[in-house]
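# I would like to see how this sequence folds:
(one chain, ligands or ions: 1)
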Amino acid sequence: TSKKLLTLILVLNENEQKILLGMKKRGFGVGLYNGFGGKVEPGETIEEGARRELLEESELEAVEMEKIGNNLFTFENDPVGLDVHIYTTTRYLGEPHETEEMNPQWFSYADIPFHQMWPDDRLWFPYVFNKTKFTGHFHFAQDQKTIISQELIAVQHL
Ligand SMILES: CN1CCN(c2cc(NC3CC3)nc(N)n2)CC1
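All right, here's what the predicted structure looks like:
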């Protein structure tokens, strides 16, 4: 099976224990809240790709980013897996604004709208809040809603 290289960046306000999530307005994951991200373009690093997508999708510029996780998503009867490199940022410039792709909104860590998010998120978000680096593999049914199997490992270094 082959892998598609993707990014996901989560914007955290640690003082207020809040996370910025975007309501996806089109494309893959439309109608779900998520962090910001997308494909990595030729000639850019994964981190540069994550920074670019954050700017395009929220108008925020990440000043520093921390690599926090790497999730592999595979699907029954689909040869292409999604290799999602996950970052957090607590140091950023600008204010979040609605764009063509995303409508951003702040959420307290205690009331994340997991019922309107990808089903894997409730499994690995706690690692993000605890600053525990992780690798995950989530094998989905063809419906892209049911998780058939999963593996989540805390790691020292990514
Ligand atoms: C641009 N990317 C697309 C993939 N993506 C995902 C995927 C995901 N689960 C997979 C079953 C779909 N779960 C989160 N939270 N994000 C990050 C952004």
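# from the chain, which residue is nearest to the ligand?
Nearest to the ligand, among the residues of the chain, is Trp118, at 3.4 Å (CB to the nearest ligand atom). All C-beta atoms are positioned from the backbone trio N, CA, C, and that covers glycine.
# mind listing what that residue touches?
Counting by CB atoms under 8 Å, 6 or more residues apart in numbering, Trp118 makes contact with Gly29, Leu32, Asn34.
# most neighbours among the residues you listed, which one is it?
Asn34 (19 neighbours; other CB atoms under 10 Å).
# hang on, isn't it packed against Leu21?
Yes - using CB atoms under 8 Å, Asn34 makes contact with Leu21 at a distance of 6.4 Å.
# got any ranges where the chain has weak pLDDT?
Nowhere does the chain drop to pLDDT under 70.
# excluding chain neighbours, what is closest to the residue of the chain most remote from its centre?
For the chain, the largest distance from the centre (CA atoms, centre = their mean) belongs to Asn77, which lies 23.8 Å off. Spatial nearest neighbour of Asn77, chain neighbours left out: Gln142 (5.4 Å); criterion: CB to CB, 6 or more residues apart in numbering.
# try Glu47
Nearest to Glu47 is Met65, by CB to CB, 6+ apart, at 6.0 Å.
# hmm, back to that, how about the contacts of Trp118 in CSV, adding secondary structure and distance to Lys3?
Converted to CSV, those look like this (DSSP: H, G, I helix; E, B strand; the rest coil; distance: CB to CB, whole Å):
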residue, secondary structure, distance to Lys3
Gly29, coil, 18
Leu32, coil, 22
Asn34, strand, 19
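# how about the strands in this structure?
With strands called from DSSP state E, the chain shows them at 2-13, 18-24, 33-34, 61-75, 78-93, 102-108, 134-140, 147-154.
# export those as TSV, with columns for distance to Glu48.
Listed next are the strands of the chain as TSV, based on distance: least, CB to CB, whole Å:
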stretch	distance to Glu48
strand 2-13	9
strand 18-24	20
strand 33-34	20
strand 61-75	10
strand 78-93	11
strand 102-108	19
strand 134-140	22
strand 147-154	27
